[in-house]
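A.B. asks: Model the following, please.
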Amino acid sequence: MTSTAFVSRAGAAELHASGWLVLPAGSGAISRLPIWDRDAALFARLSPVAADAWARAQGWALPSCAHYDALYSVARHIDPVTMPTMAQLAAEKISAANTKAVDAFRNGNMRSLAWCTAHDAEVFARLKAANWSGEPVANAGKHWADSGLIYGWWRKDGTKIQNASLAHKNSAHTDYATTFHAWRPSLPGDVFDPIKAPEIQLIQAKNFTNTTRAKVDWVVLHSTENPIKPGTARNVALWFAGAQAPQASAHYIVGPDIVVQCVREAAVAWAAPGANATGIQIELVGQAHHTDWLRDGAGTTDGLQVLRRAAPLVRAICERWDIPLKRVDSAGLLAGARGITSHASVGAAFKKSTHVDPGGINDARWPWVEFLAML
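C.D. replies: Now for the predicted structure:
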């Protein structure tokens with residue numbers, strides 16, 4: 001049985017709220033996510049001809065394959081969402097080994113609203129699981145490109161499921177997995193941000209409280225007390241996860257090279273007695289008494305790369321949990337103020353530890369003004 005094809009109304013297509021990614025070397029900007037259908041609350045599904053006409057009507061264009069490659073180079077990667085899934089086949093009592101039946105099922109449903117909805121729901125579920133906070137995204141479908149091409153669906157090794165093809169040029173084709181971005185020319189004031197959205201590795205800590213909190217009040221900053229080197233964040237995470245793990249953990253560990261998540265945000269990590277129950281704990285690779293947190297470089301005491309990687313993480317956490325982007329000192333903690341604090345302040349407030357990280361006693365070496373400005 002063939003389902004009715006879903007096609008977006010061109011007048012409902014619009015730039016997604018995540019906005020534009022400015023590309024390097026004055027090569028314009030590409031939308032961070034595919035074009036949105038505000039009527040259906042899905043990514044827009046238009047034919048290559050209609051998508052091209054819509055983009056041109058805005059004064060924009062469909063991106064070239066080179067533009068999509070530039071997006072991929074800085075984007076948050078999620079694996080391609082392909083259908084039918086095993087669950088869909090099971091629901092229809094179709095054996096995955098019966099390729100003829102699978103192909104018929106796919107061809108009968110690939111343009112349906114149900115499959116478009118399921119595809120986009122899975123894309124956003126994967127982004128949520130990766131703590132997405134508006135960064136550019138690769139693989140929210142394969143995409144219409146300029147000149148009638150279809151292109152995309154990158155694997156993690158950089159190869160593509162869908163190489164550039166003119167198979168649907170000048171056609172009315174739409175399907176659940178084919179979306180499209182927009183490209184616009186450079187504008188005055190455009191600035192390319194070369195910092196790649198940090199990938200977050202998952203290494204589960206051994207010791208934490210496995211619960212589901214409804215509220216978080218604080219982001220608590222720590223330092224690991226290691227010299228700053230690539231690989232340290234991963235090594236600390238492996239220590240938290242190992243057979244000889246300490247009676248401690250953190251939600252995230254941030255190094256100059258990577259962010260590692262060790263405990264899901266709704267669970268309780270063991271890092272700052274007094275602020276564990278309603279705090280999200282972030283360990284920064286560095287040392288309270290030695291790191292120069294504002295110095296750029298690759299030295300073992302140069303902390304700015306760690307802060308650059310930590311800032312978008314902290315901002316995203318605060319957005320998810322509605323935490324104010326402000327400092328909370330020890331007095332504020334005792335008064336019940338919500339915001340961003342340090343292990344030193346937690347220790348001073350609740351008298352359950354003597355730690356002074358990440359910036360020494362009274363946060364004397366921690367650049368609060370500069371770090372909050374980065375958020």
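A.B. asks: hey, let's count contacts and neighbours off CA atoms from now on
C.D. replies: Will do.
A.B. asks: So, low pLDDT: which residues of the stretch 51-200 of the chain?
C.D. replies: Within the stretch 51-200 of the chain, the stretches falling below the threshold (pLDDT under 70) are 156-158, 193-199.
A.B. asks: switch to 80 and redo it
C.D. replies: Counting by pLDDT under 80, the stretch 51-200 of the chain contains low-confidence residues at 73-74, 129-134, 155-159, 192-199.
A.B. asks: just the helices in it please.
C.D. replies: With helices called from DSSP state H, counting those that start in this stretch, the stretch 51-200 of the chain shows them at 65-74, 86-91, 99-109, 113-129.
A.B. asks: Of the ones you listed, flag the one that's most buried.
C.D. replies: helix 65-74 (a mean of 18; mean count of other C-alpha atoms under 10 Å).
A.B. asks: Output the contacting helices and strands for that one.
C.D. replies: Using 3 or more C-alpha pairs under 8 Å, 6 or more residues apart in numbering; DSSP states H and E as the contact criterion, the elements in contact with helix 65-74 are strand 137-138.
A.B. asks: just to revisit the earlier point, any idea which of the helices of the stretch 51-200 of the chain gets closest to residue 173?
C.D. replies: If you check each of the helices of the stretch 51-200 of the chain against residue 173 by C-alpha to C-alpha, helix 99-109 wins as the nearest, at 12.2 Å.
A.B. asks: which helices and strands does that closest one pack with?
C.D. replies: In terms of contacts (3+ C-alpha pairs under 8 Å, 6+ apart), helix 99-109 is packed against no helix or strand at all.
A.B. asks: how far off helix 113-129 does it point, in degrees?
C.D. replies: Comparing the axes of helix 99-109 and helix 113-129 via axes from the mean of the first three to the mean of the last three C-alpha atoms, to 10 degrees yields an angle of 90 degrees.
A.B. asks: what's in contact with helix 99-109?
C.D. replies: Taking C-alpha atoms under 8 Å, 6 or more residues apart in numbering as the criterion, the residues outside helix 99-109 that touch it are 1-3, 83-84, 89, 94-96, 115.
A.B. asks: how far is stretch 248-258 from where the chain is centred?
C.D. replies: Taking C-alpha atoms, centre = their mean, to the nearest Å, the mean C-alpha location of stretch 248-258 is offset from the chain mean by 16 Å.
A.B. asks: quick one: buried residues of it?
C.D. replies: Judged by neighbour count (16 or more other C-alpha atoms under 10 Å), stretch 248-258 contains these buried residues: 249-258.
A.B. asks: pLDDT check: weakest of those?
C.D. replies: In this model, the minimum pLDDT among those belongs to residue 257 (85).
A.B. asks: element containing it, please.
C.D. replies: Taking DSSP states H and E as the criterion, no element holds residue 257; it sits outside all helices and strands.
A.B. asks: what's near enough to touch it?
C.D. replies: By C-alpha under 8 Å, 6+ apart, the contact list for residue 257 reads 230-231, 306.
A.B. asks: Mind putting the residues you listed into TSV with neighbour count, secondary structure and distance to residue 145?
C.D. replies: Formatted as TSV, the contacts of residue 257 follow (neighbours: other C-alpha atoms under 10 Å; DSSP: H, G, I helix; E, B strand; the rest coil; distance: C-alpha to C-alpha, whole Å):
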residue	neighbour count	secondary structure	distance to residue 145
230	15	coil	37
231	13	coil	38
306	22	helix	36
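A.B. asks: between these, which is closest to residue 262?
C.D. replies: Comparing the contacts of residue 257 against residue 262 with C-alpha to C-alpha places residue 231 closest, at 15.1 Å.
A.B. asks: Next one: the residue nearest to residue 54 when sequence neighbours are not counted, what pLDDT does it get?
C.D. replies: Using C-alpha to C-alpha, 6 or more residues apart in numbering and skipping the chain neighbours, the partner closest in space to residue 54 is residue 10 (6.6 Å). Residue 10 is assigned a predicted lDDT (pLDDT) of 96.
A.B. asks: How many residues are close by residue 10?
C.D. replies: By the measure other C-alpha atoms under 10 Å, the count of residues near residue 10 is 16.
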